[in-house]
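A.B. asks: Coordinates only, no sequence provided:
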């Protein structure tokens, strides 16, 4: 079994770690888009998330990770079978994946050996109730992007081909990473990500040295190193579980709602998805901090990652989207 690098041992990249933790607390926030230079640990951080995610209860043997009787599932539609605990799935969607591999297809082995039509679940089935990770998401083929847009909007995957008609649940947190120098993301898919983060290589000498030291210890399977960071990951996991339980009890005042709406109006963000994501993310941040209600301080902490990718491009303003958000925060919420 491959050992993932400990999440807590990652040096820097606080904003990306914050975004992933918040989606672990509330998956309904939406996905996380991570753009940055090569070699900044984007893939490492996503895969290390496995140790932080609470286990899910799933019907034993179900390829769709169903927890209850589900009429859309051929495995679970007749009767609820024995439940088992399993890790929250984090499924990679490689760039070269075919449509059949993503959505599922006819199981040729069963068809040829038994003469029966049997459905072979795809990546969207395995990612249900978990995470779907796409590296170099900006290079994804258009027809795969269209599939993801349909499924992420409906929460269901419908396959009708080769005499098969199958529908199953597919609710997942979409995480994408990429290098902006290699191409932009389609606006329709960009809008589906709840949060966006820009990552950069560390500029401090001490920080770069610490990255090398920790990675060397991990590669050498240093037991003291692994044990220490395993304990740190366990602490963070307990905080996430506590925050999940507290989330629905977190209150939000009209004052905070008004500040949220003013901020989005000041930035000219399209639609209302910005406000809805900002409120949901602020509640997750407050819950993580063990607060009973959302305060302006939580709004400040999450505004950039919620709104940075929702701004219209201004040809007369050559600053980055994060700086524009920071300006608006100062104007609306004060310094």
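C.D. replies: Right, received. Where do you want to start? These figures come from a predicted structure and were not determined experimentally.
A.B. asks: Assess the claim that residue 41 and residue 17 are in contact.
C.D. replies: No: with contact defined as C-beta atoms under 8 Å, residue 41 and residue 17 do not form a contacting pair (10.1 Å). Placement of C-beta: from N, CA and C, glycine included.
A.B. asks: Who has more neighbours out of those two?
C.D. replies: residue 41 (22 against 19; other C-beta atoms under 10 Å).
A.B. asks: anything in contact with each of residue 41 and residue 17?
C.D. replies: Common neighbours of residue 41 and residue 17 (criterion: C-beta atoms under 8 Å, 6 or more residues apart in numbering): residue 10.
A.B. asks: Show me the shaky parts of the protein.
C.D. replies: Scanning the chain with the threshold set as pLDDT under 70 gives 1-2, 69-81, 106-118, 162, 312-322, 335.
A.B. asks: ok, residues contacting the longest helix along it?
C.D. replies: Assignment by DSSP state H gives helix 223-246 as the longest helix of the chain. For helix 223-246, contacts defined as C-beta under 8 Å, 6+ apart pick out 3, 6-9, 21, 24-26, 51-54, 214, 217-218, 284, 287-288, 290.
A.B. asks: could you point out which element follows that helix?
C.D. replies: helix 254-267 (DSSP states H and E).
A.B. asks: Who are the packing partners of that next one?
C.D. replies: Packing partners of helix 254-267 (3 or more C-beta pairs under 8 Å, 6 or more residues apart in numbering; DSSP states H and E): helix 273-288, helix 296-307, helix 321-333.
A.B. asks: Could you export those as JSON lines, including mean neighbour count and distance to residue 36?
C.D. replies: Listed next are those as JSON lines, based on neighbours: other C-beta atoms under 10 Å; distance: least, C-beta to C-beta, whole Å:
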{"stretch": "helix 273-288", "mean neighbour count": "24", "distance to residue 36": "20"}
{"stretch": "helix 296-307", "mean neighbour count": "22", "distance to residue 36": "13"}
{"stretch": "helix 321-333", "mean neighbour count": "17", "distance to residue 36": "13"}
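A.B. asks: all helices in the stretch 101-250 of the chain, in order from the N-terminus.
C.D. replies: Ranges of helices in the stretch 101-250 of the chain, per DSSP state H, counting those that start in this stretch, are 108-114, 123-126, 142-154, 187-190, 205-219, 223-246.
A.B. asks: roughly how far is the second one from the heart of the chain?
C.D. replies: It stands for helix 123-126. How far helix 123-126 lies from its chain's middle: 15 Å, per C-alpha atoms, centre = their mean, to the nearest Å.
A.B. asks: can you check the fourth one too?
C.D. replies: Offset of helix 187-190 from its chain centre (C-alpha atoms, centre = their mean): 15 Å.
A.B. asks: what's that helix in contact with?
C.D. replies: So helix 187-190 is contacted by 33, 137, 140, 145, 148-149, 176, 196, 309 (C-beta under 8 Å, 6+ apart).
A.B. asks: Can you point out the buried residues in that helix?
C.D. replies: 189-190 (16 or more other C-beta atoms under 10 Å).
A.B. asks: if we can go back for a sec, and the contacts of helix 223-246, which of them are buried?
C.D. replies: Buried among these by 16+ other C-beta under 10 Å: 6-9, 21, 24-26, 51-53, 214, 217-218, 284, 287-288.
A.B. asks: Surely residue 182 is in contact with residue 139?
C.D. replies: Yes: assessed by C-beta under 8 Å, residue 182 is found in contact with residue 139 at 6.3 Å.
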